[in-house]
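> sequence first, then the predicted structure, then my questions.
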Amino acid sequence: MAIEDLATTLTTVWKFDYETKIKALRELYEVAKKEQWNAAADIPWELEIDPSGDILDPRQDLFREFDFVKALPESEQTNLAVGNAAWILSQFLHGEQGALLCCGQLIEVVPDIDGKLYAATQVIDEARHVEVFHRYLSRLDRVYPIDPTLQAVLNQILQADLWQMKCVGMQVIVESLAMGSFKIMKEGSRDPLLRKIVELTAHDEARHVSYGLIYMKDELPRLPDSDRHRIEDFAFAAVDALSGRRPGTGLLSQMAILDGTGVDKQVAIAEIVEKFADPVFVASQPDPIRDHVLPQLQRIGLISERTAPRYRELGFEIA
Ligand SMILES: [Fe+2]
Ligand SMILES: [Fe+2]
């Protein structure tokens with residue numbers, strides 16, 4: 001589907017007091033202006049991708065570990081690894097568009113001039129990210145559709161009725177997840193082109209997370225309990241969906257990479273689910289939600305005594 005409508009209910013806020021009120025956000029705006037880069041000129045696009053090398057960090061490319069993959073001829077395994085990289089990078093591409101749409105909304109809905117100006121810089125950051133991931137994926141020759149779970153979370157953020165909810169959902173949760181994932185890719189990918197892309201992109205995402213933390217640290221304590229509880233519940237629901245920790249979730253759309261290989265998807269899913277049911281294996285894997293998203297939610301007090309048990313039920317350790 002080339003276009004898709006999503007009805008949202010935004011309240012557009014004018015602000016006629018142009019003086020700086022949130023100094024840290026204004027400083028971040030200055031940093032953002034200085035750190036702009038050009039996706040067309042600052043990436044070594046002349047480099048070729050070696051499909052037989054590890055495009056993804058081997059820790060993000062678990063497919064090679066599974067029996068249903070090992071049973072395939074070597075050339076099929078390589079093709080599958082490229083497909084898996086394309087699937088994951090496709091989700092980043094679509095996620096970047098979600099971020100572009102959301103920070104466009106933030107310009108309208110946030111009530112502070114410092115927040116509006118900063119969000120404007122993020123719009124061009126996200127446009128650049130869409131550009132780089134699309135350009136890279138065109139080299140892999142395939143773009144997969146957005147995962148329905150990811151799209152549902154992004155839609156909830158885009159449709160949220162509280163601007164603080166959008167800010168927590170996008171700037172704290174999705175941005176931390178992206179930053180953590182890009183860091184893993186930067187450390188482990190053997191493709192220098194992708195490494196450069198995610199290095200520059202992760203640098204921007206770190207600024208985007210800072211915006212969410214600076215803004216929400218002061219804003220959340222001012223909210224009535226009823227709104228704060230709604231945001232706590234919203235944060236948990238997003239983490240629950242994105243973590244894929246409930247058995248069988250989050251795998252079905254990724255199995256599109258098996259199309260044409262002759263592998264039975266149900267057999268593949270059963271093997272993957274079994275592997276992820278082992279807590280020792282899960283603990284040994286990099287996990288951007290555990291390592292990047294939850295610490296930030298804790299920093300802004302969004303994992304409360306009321307919601308902490310739900311995170312523990314998903315297997316996360318909450319102090
Ligand atoms: Fe981005
Ligand atoms: Fe971002």
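The structure has been received and is ready for your questions. Ligands and ions are numbered 1, 2, ... in the order given.
> how about the nearest residue to Leu169, chain neighbours excluded?
Not Leu; residue 169 is Gly. Ile157 (3.7 Å; Cβ to Cβ, 6 or more residues apart in numbering). From N, CA and C alone the C-beta is placed, and that goes for glycine too.
> and the one you found, how many neighbours?
Other residues near Ile157 come to 23 when the count uses other Cβ atoms under 10 Å.
> within the helices and strands, which one has it?
Element membership of Ile157 [criterion: DSSP states H and E] is helix 148-159.
> and that helix, what other elements does it pack with?
helix 74-109, helix 163-166, helix 225-243 (3 or more Cβ pairs under 8 Å, 6 or more residues apart in numbering; DSSP states H and E).
> quick check, central residue of the protein?
Residue closest to the average C-alpha location in the chain (Cα atoms, centre = their mean): Ala178, at 3.6 Å.
> and that one, what does it touch?
Residues near Ala178 by Cβ atoms under 8 Å, 6 or more residues apart in numbering: 92, 95, 99, 201-202, 205.
> for the residue nearest to Gly169, give me its contacts.
By Cβ under 8 Å, 6+ apart, the residues touching Ile157 are 98, 102, 165-166, 169-170, 174, 238.
> by neighbours, which of the residues you listed wins?
Met170 (30 neighbours).
> just give the closest residue to that residue, not the sequence neighbours.
The spatial neighbour of Met170 that comes closest, neighbours along the chain excluded (Cβ to Cβ, 6+ apart), is Cys102 at 4.4 Å.
> next up, the contacts around that neighbour.
By Cβ under 8 Å, 6+ apart, Cys102 lies in contact with 154, 157-158, 166, 169-170.
> so where does the residue in the stretch 151-300 of the chain positioned nearest to ligand 1 fall, helix or strand?
The nearest approach of the stretch 151-300 of the chain to ligand 1 comes at Glu205, 5.5 Å away (Cβ to the ion). If you go by DSSP H and E, Glu205 is part of helix 192-219.
> how far does that helix sit from the chain's center?
Relative to its chain's centre, helix 192-219 lies at 11 Å (Cα atoms, centre = their mean, to the nearest Å).
> same check, this time on stretch 67-80
For stretch 67-80, the distance to the chain centre is 28 Å (Cα atoms, centre = their mean).
> same question for stretch 151-159.
Centre-to-centre, stretch 151-159 and its host chain are 12 Å apart (Cα atoms, centre = their mean).
> what residues of it count as buried?
The neighbour-count check on stretch 151-159 (16 or more other Cβ atoms under 10 Å) flags 151, 153-154, 156-158 as buried.
> dump these to a markdown table, plus pLDDT and distance to ligand 1.
Below are the buried residues of stretch 151-159 laid out as a markdown table (pLDDT from 0 to 100; distance: Cβ to the ion, whole Å):
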| residue | pLDDT | distance to ligand 1 |
| --- | --- | --- |
| Gln151 | 96 | 16 |
| Val153 | 97 | 15 |
| Leu154 | 98 | 12 |
| Gln156 | 98 | 18 |
| Ile157 | 98 | 14 |
| Leu158 | 98 | 15 |
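> tell me the one of those nearest Glu30?
Nearest to Glu30 among these, counting by Cβ to Cβ, is Ile157 at 26.7 Å.
> now that closest one: how far from Ile113?
Applying Cβ to Cβ, to the nearest Å, the value for Ile157 to Ile113 is 23 Å.
> ok, now Leu154?
With Cβ to Cβ as the criterion, Leu154 and Ile113 are 27 Å apart.
> give me the pLDDT value at Asp42.
pLDDT recorded at Asp42 is 97.
> and for it, the neighbour number?
Neighbourhood size, Asp42 [other Cβ under 10 Å]: 14.
> residues touching it, list them.
Leu200.
> just say helix, strand or coil for it.
coil (DSSP: H, G, I helix; E, B strand; the rest coil).
> phi, psi of it?
phi -100, psi 10 (degrees, to the nearest 10).
> what does Phe316 give?
As for Phe316, its main-chain torsions (degrees, to the nearest 10) stand at phi -90, psi 140.
> doesn't Leu294 make contact with it?
Yes: counting by Cβ atoms under 8 Å, Leu294 is a contact partner of Phe316 at 6.1 Å.
> when these two are compared, which one has more neighbours?
Legend: neighbour count by other Cβ under 10 Å for Phe316 and Leu294, higher for Leu294 (23 against 18).
> how far away is the residue in the stretch 101-250 of the chain that ligand 1 sits nearest to from ligand 2?
Nearest residue of the stretch 101-250 of the chain to ligand 1, counting by Cβ to the ion: His129, 3.8 Å away. For His129, the distance to ligand 2 equals 7 Å [Cβ to the ion, to the nearest Å].
> so, low pLDDT: which residues of the stretch 1-150 of the chain?
Within the stretch 1-150 of the chain, the segments meeting pLDDT under 70 span 1, 58-62.
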